[in-house]
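Enquirer: my questions concern the predicted model and sequence given below.
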Amino acid sequence: MDAKELWETPKKYLDKQIELDGWIRNHRKQKNFGFINLNDGTCFKQTQIVYDDSLSKFEEIQKLKVGSAVHVLGRLAKSEGGKQDYEVKAIDVVLLGDADEDYPIQPKRHTLEFLREQAYLRPRTNTYFAIFKIRSVAAMAIHAYFQKNGYVYVNTPLITTADCEGSDQMFKITTLDFNNLPKNKDGSVDMSKDLFGKKAFITGSGQLHGEAFALAFQKIYTFGPTFRTENSNTKTHANEFWMIEPEIAFCDINKLMDIEEDMLKSVVREVLEKCSEELEFLDKNVQNGLIQKLQQLVDSKFVRISHHEAIDILKNSGEKWEFEPNYDSDIAKEHEKYLTSYFNGPVFIKDWPKDIKAYYMKLNDDGKTVAAVDLEVPGAGELMGGSQRETDYQKILSRCKELGVDTSTIDWYLNLRRFGSVEHSGFGMGFERLIIYLTGVENIRDVIPFPRTPNNCLY
């Protein structure tokens with residue numbers, strides 16, 4: 001059996017013989033008895049195994065080391081200690097996989113920095129076990145939300161020739177021999193000799209391909225890995241991360257905000273319901289008030305203001321800013337924190353200056369702003385970014401020209417405006433940003449199983 005089944009209905013197994021497989025998290029030895037904390041990976045709760053010198057293998061069991069895998073045969077009994085209600089009285093403990101003496105995850109408090117260097121073993125600690133369980137539940141909750149609401153799941157390509165943001169932050173891929181590159185007469189590399197006959201990249205977003213499918217299925221979403229070459233060492237940036245990107249036809253920016261709010265609340269509710277033990281641990285050990293923060297989000301009504309209104313609030317706040325708020329600029333982390341505190345909850349900021357946003361966003365009637373929206377949440381800042389998409393062919397061509405976007409690689413995307421285009425919108429949410437919010441962990445390196453950041457590509 002597994003520990004999850006055992007601890008969901010312990011009274012059912014009281015005084016009965018059970019068998020468990022798992023890994024030793026802690027082993028406390030006394031002269032005539034000992035305690036093994038066992039975790040089998042099926043739930044956060046550890047099982048206390050009690051054994052004494054009445055067992056013929058007592059001395060052998062005493063030699064078992066932390067990190068080892070074992071098979072336990074025992075009987076579930078009421079615990080004689082005060083830290084748990086039940087424990088397993090061992091009948092036999094069999095070593096399945098030994099751990100060397102230098103096993104680095106010992107039963108003591110390790111720093112997150114140290115555990116990043118042991119990424120292949122850190123899921124065996126309470127903190128990372130909780131984080132990655134929440135990550136799994138949140139991922140399924142996202143799929144469940146979109147499937148329940150009639151969205152089609154689309155697997156957009158990881159290899160692409162289209163730069164969604166036009167920011168030249170995509171990894172380039174090639175099969176060419178770097179030591180013998182084919183050259184054109186002008187000395188440039190002849191990409192026609194490459195596998196795809198042209199420059200190709202690893203995707204930075206599934207949005208463009210997603211829009212094509214939204215104009216056939218009406219509601220779609222993508223959920224997969226994306227890659228950026230940005231050389232940033234902040235706590236919220238990584239070179240490989242996961243994105244959720246829905247695209248919805250017959251949808252304006254106001255309806256889009258409704259969907260963002262409904263989706264986020266649905267996911268948070270699911271995590272609150274299914275990860276109570278993990279959240280309680282993180283609330284106590286990582287971020288005090290975490291559960292209250294998540295519950296408050298579920299219960300709140302998200303505020304909606306324009307970028308201009310946000311700047312008004314910041315300028316009239318009386319605060320001394322490191323970065324002065326500007327009507328033509330992005331807002332800084334300190335501004336995001338102030339605004340969510342000002343409204344005591346999540347805030348949608350819409351209608352952004354066109355010059356700081358992407359070419360595909362719908363130009364508003366004022367000619368100065370676009371129908372873009374960012375969602376700011378307490379404690380994490382920007383969590384989602386979306387927009388109503390520009391559907392006018394000439395307008396989007398003009399925007400591409402303004403921003404210096406090479407239209408030759410996205411002609412198919414632009415042509416969507418010529419072949420039955422309708423009002424449509426979409427947003428992107430960095431999955432790791434969501435996990436940071438759900439767990440209270442501050443660094444993106446701690447919510448990705450094997451993080452890829454500048455100068456770090458271990459494992």
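Expert: All right, it came through fine. Numbers count the residues shown, from 1 in each chain.
Enquirer: and residue 92, that's in a strand?
Expert: Yes - Residue 92: assigned to a strand according to DSSP: H, G, I helix; E, B strand; the rest coil.
Enquirer: for residue 165, give me the pLDDT.
Expert: In the predicted model, residue 165 carries a pLDDT score of 62.
Enquirer: which intervals of this structure have sub-threshold pLDDT?
Expert: Within the chain, the set of residues satisfying pLDDT under 70 comprises 164-167.
Enquirer: could you pull out the helices for it?
Expert: In the chain, helices defined by DSSP state H lie at 3-8, 10-13, 58-62, 112-116, 126-148, 207-217, 253-274, 276-285, 290-299, 307-315, 333-342, 393-403, 411-415, 431-439, listed in chain order.
Enquirer: and of these, who's closest to residue 321?
Expert: helix 333-342 (6.3 Å; CB to CB). No exception for glycine: its C-beta is placed from N, CA and C like everyone else's.
Enquirer: for that closest one, buried residues please.
Expert: By neighbour count on 16 or more other CB atoms under 10 Å, the buried set for helix 333-342 is 335, 336, 338, 339, 340.
Enquirer: quick one: distance of it to the chain centre.
Expert: Using CA atoms, centre = their mean, to the nearest Å, the distance from the centre of helix 333-342 to the centre of the chain it belongs to is 22 Å.
Enquirer: so what touches that helix?
Expert: Under the contact criterion CB atoms under 8 Å, 6 or more residues apart in numbering, helix 333-342 has outside partners 310, 313-314, 317, 319, 321-323, 325, 331, 346-347, 349, 376-379, 381-382.
Enquirer: and residue 134, how far from residue 447?
Expert: As for residue 134, its distance to residue 447 is 9 Å (criterion: CB to CB, to the nearest Å).
Enquirer: shared neighbours of those two, anything?
Expert: Each of 435, 439 lies in contact with both residue 134 and residue 447 under the rule CB under 8 Å, 6+ apart.
Enquirer: more neighbours: which of those two?
Expert: Neighbour comparison, residue 134 and residue 447: the larger count goes to residue 447, with 25 against 22 (by other CB atoms under 10 Å).
Enquirer: mind listing what the nearest residue to that one once chain neighbours are set aside touches?
Expert: Leaving aside its chain neighbours, residue 447 sits nearest to residue 435 (4.1 Å; criterion: CB to CB, 6 or more residues apart in numbering). Under the criterion of CB under 8 Å, 6+ apart, the neighbours of residue 435 are 131, 134, 135, 138, 441, 447.
Enquirer: re the thing from before, list buried residues within the contacts of helix 333-342.
Expert: Buried subset of these (neighbour count, 16+ other CB under 10 Å): 310, 313-314, 325, 331, 346-347, 349, 376-379, 381-382.
Enquirer: out of those residues, list just those in strands.
Expert: Secondary structure assignment by DSSP state E places 347, 349, 376, 377, 381, 382 of these in strands.
Enquirer: is it true that the last one touches residue 374?
Expert: Yes - with contact taken as CB atoms under 8 Å, residue 382 and residue 374 are classed as touching, separated by 5.2 Å.
Enquirer: run a quick neighbour tally on residue 160.
Expert: Summarising burial for residue 160: neighbours were counted as other CB under 10 Å, giving 21.
Enquirer: phi and psi next, for the residue lying closest to it once chain neighbours are set aside.
Expert: Taking CB to CB, 6+ apart, and ignoring the residues beside it in sequence, residue 160 has residue 203 as its nearest neighbour in space, at 4.9 Å. Listed backbone geometry of residue 203 is phi -60, psi 150, with angles given as degrees, to the nearest 10.
Enquirer: what sits against residue 203?
Expert: 156, 157, 158, 159, 160, 164, 170, 226, 227.
Enquirer: Throw these into a markdown table and include distance to residue 243, thanks.
Expert: Formatted as a markdown table, the contacts of residue 203 follow (distance: CB to CB, whole Å):
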| residue | distance to residue 243 |
| --- | --- |
| 156 | 10 |
| 157 | 14 |
| 158 | 12 |
| 159 | 16 |
| 160 | 14 |
| 164 | 11 |
| 170 | 14 |
| 226 | 5 |
| 227 | 10 |
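Enquirer: filter the residues you listed down to the buried ones.
Expert: Buried positions within those, assessed by neighbour count (16+ other CB under 10 Å), are 156, 160, 164, 170, 226, 227.
Enquirer: just flag the most distant two among those residues.
Expert: Taking CB to CB as the measure, the buried ones among the contacts of residue 203 reach their widest spread between 156 and 170, a distance of 14.0 Å.
Enquirer: from the buried residues of helix 333-342, which is closest to residue 215?
Expert: Comparing these against residue 215 with CB to CB picks out residue 336 as the nearest, at 33.1 Å.
Enquirer: so how far is residue 387 from that closest one?
Expert: According to CB to CB, residue 336 and residue 387 sit 18 Å apart.
Enquirer: what of residue 175?
Expert: Taken as CB to CB, the spacing of residue 175 relative to residue 387 amounts to 36 Å.
Enquirer: so these two - more neighbours on which side?
Expert: Counting neighbours by other CB under 10 Å for residue 175 and for residue 387 shows that residue 387 has the greater number, 24 against 9.
Enquirer: for the more buried one, what are its contacts?
Expert: Residue 387 makes contact with 253, 256, 357-358, 360-362, 370-373, 425-427, according to CB under 8 Å, 6+ apart.
Enquirer: now swap in residue 194 and tell me
Expert: Applying CB under 8 Å, 6+ apart, we find residue 194 in contact with 174, 175, 176, 200.
Enquirer: now with 7 Å?
Expert: When contacts are counted by CB atoms under 7 Å, 6 or more residues apart in numbering, residue 194 touches 174, 175, 176.
Enquirer: how about the first one: what's its closest non-neighbour residue?
Expert: Take residue 174 and drop its neighbours on the chain: the residue closest to it by CB to CB, 6+ apart is residue 194, 5.4 Å away.
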